[in-house]
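J.: just to be clear, the model below is a prediction. Sequence and coordinates:
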Amino acid sequence: MEEFQGKTAFVTGGASGIGFAMAKAFGAAGMNVMLADIEREPLLAAVDDLRQRQIKVEGVHCDVAERSSVEDAAKATIDAFGKVHVVCNNAGVGAGGPVGTVKPKDWDWIVSVNLMGVVYGVEAFLPLIRAHGEGGHFVNTASMAGMVSPPGMEPYCATKFAVVAMSEGWAGQLAPENIGVSVLCPGFVRTRISESSRTRQEKFGKAEERSAEGASAAAQLIAAGLDPDIVGACVLDAVRDNDLYIFTHPDMASAVEQRFARIMQGFDKARQRRALGGVDPKSPQVIDMLSK
């Protein structure tokens with residue numbers, strides 16, 4: 001997507017952090033912006049901030065864990081701007097803990113927001129992008145936790161791995177329609193992800209209290225993270241270049257290399273297994289996993 005002027009971007013989790021940074025980047029490039037967020041007061045403040053920057057913006061309350069809420073936000077976007085071109089499924093929350101200690105409601109919460117929120121965003125907005133025939137782009141926020149899985153972060157990583165997988169598949173499906181898909185995999189960024197329980201919906205119950213030591217460690221890592229505005233600029237560049245993967249921390253490539261080295265070791269072991277001796281699997285020789 002090379003031209004941004006006069007087109008429209010929709011951003012969930014848009015009142016703060018990476019979402020707000022993306023909104024500023026798209027707005028500065030000449031796009032209209034619809035900010036969507038579950039927090040009403042921060043949303044109003046963010047809309048006011050963008051208007052002071054001479055960005056054409058509206059805001060809509062949206063709970064991405066509810067399909068109907070995302071569909072209502074999509075309708076509000078069309079009512080406000082007529083068309084939508086870039087959709088950033090960015091809203092996310094964090095949960096984790098030692099195996100066996102993560103509560104069922106924590107699993108329900110993080111899957112509903114981080115995984116199903118992306119599904120709802122794509123399914124609500126794809127028909128609207130197809131309708132105008134001008135092409136478009138989806139940006140789905142995952143994480144480096146969608147590439148590697150540190151112990152204790154399994155609920156978060158499970159949802160972020162899912163966002164990566166879905167984005168890879170959708171990219172291949174939508175490329176012939178001139179609709180791009182990017183998956184954003186940032187490392188540590190200065191956001192409020194460690195405070196995400198502040199937005200937890202009542203139906204998921206009250207969040208478990210984190211240990212002071214664990215909360216402090218997470219806060220320190222995030223406080224030392226990247227400025228969100230740098231991430232927003234990366235996203236704008238990636239949409240322009242139609243990049244599938246958006247990474248913000250090149251130094252984390254080694255962690256991905258370690259993971260894939262272990263995967264390749266598994267294939268090496270498969271070649272040596274007695275149970276597979278004499279077996280000649282006939283797998284497809286050409287599997288186009290990703291769009292060109």
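T.: Nice, thanks for sending it over.
J.: show me the contacts for residue 167.
T.: 138, 140, 142, 181, 182, 183, 244 (CB atoms under 8 Å, 6 or more residues apart in numbering). The way it works is simple: take the backbone N, C-alpha and C, and place the C-beta from them, glycine included.
J.: wait, a strand at the second one?
T.: Pointing back at residue 140 there. Yes - checked against DSSP: H, G, I helix; E, B strand; the rest coil, residue 140 lies within a strand.
J.: list the contacts for it?
T.: Residue 140 touches 89, 118, 121, 122, 163, 166, 167, 181, 182, 183, 184, counting by CB under 8 Å, 6+ apart.
J.: burial of the closest residue to the fourth one other than its chain neighbours, as a residue count?
T.: Same thing as residue 122. Excluding the flanking residues, the one nearest residue 122 by CB to CB, 6 or more residues apart in numbering is residue 138, at 6.1 Å. Neighbourhood size, residue 138 [other CB atoms under 10 Å]: 25.
J.: quick one: pLDDT of residue 138?
T.: Residue 138 is assigned 98 on the pLDDT scale.
J.: surely it touches residue 180?
T.: Yes - the criterion here is CB atoms under 8 Å, and residue 138 meets it with residue 180 at 7.2 Å.
J.: what sits in contact with each of the two?
T.: Common contact partners of residue 138 and residue 180 (CB under 8 Å, 6+ apart): residue 174.
J.: against residue 62, how distant is residue 37?
T.: From residue 37 across to residue 62, the span is 7 Å (CB to CB, to the nearest Å).
J.: what do these two both touch?
T.: 12, 91.
J.: which ones are touching the residue most central in space within the chain?
T.: Residue closest to the mean C-alpha point of the chain, counted by CA atoms, centre = their mean, is residue 141 at 1.3 Å. Contact partners of residue 141, counting by CB under 8 Å, 6+ apart, are 13, 18, 88, 89, 90, 91, 92, 163, 183, 184, 186.
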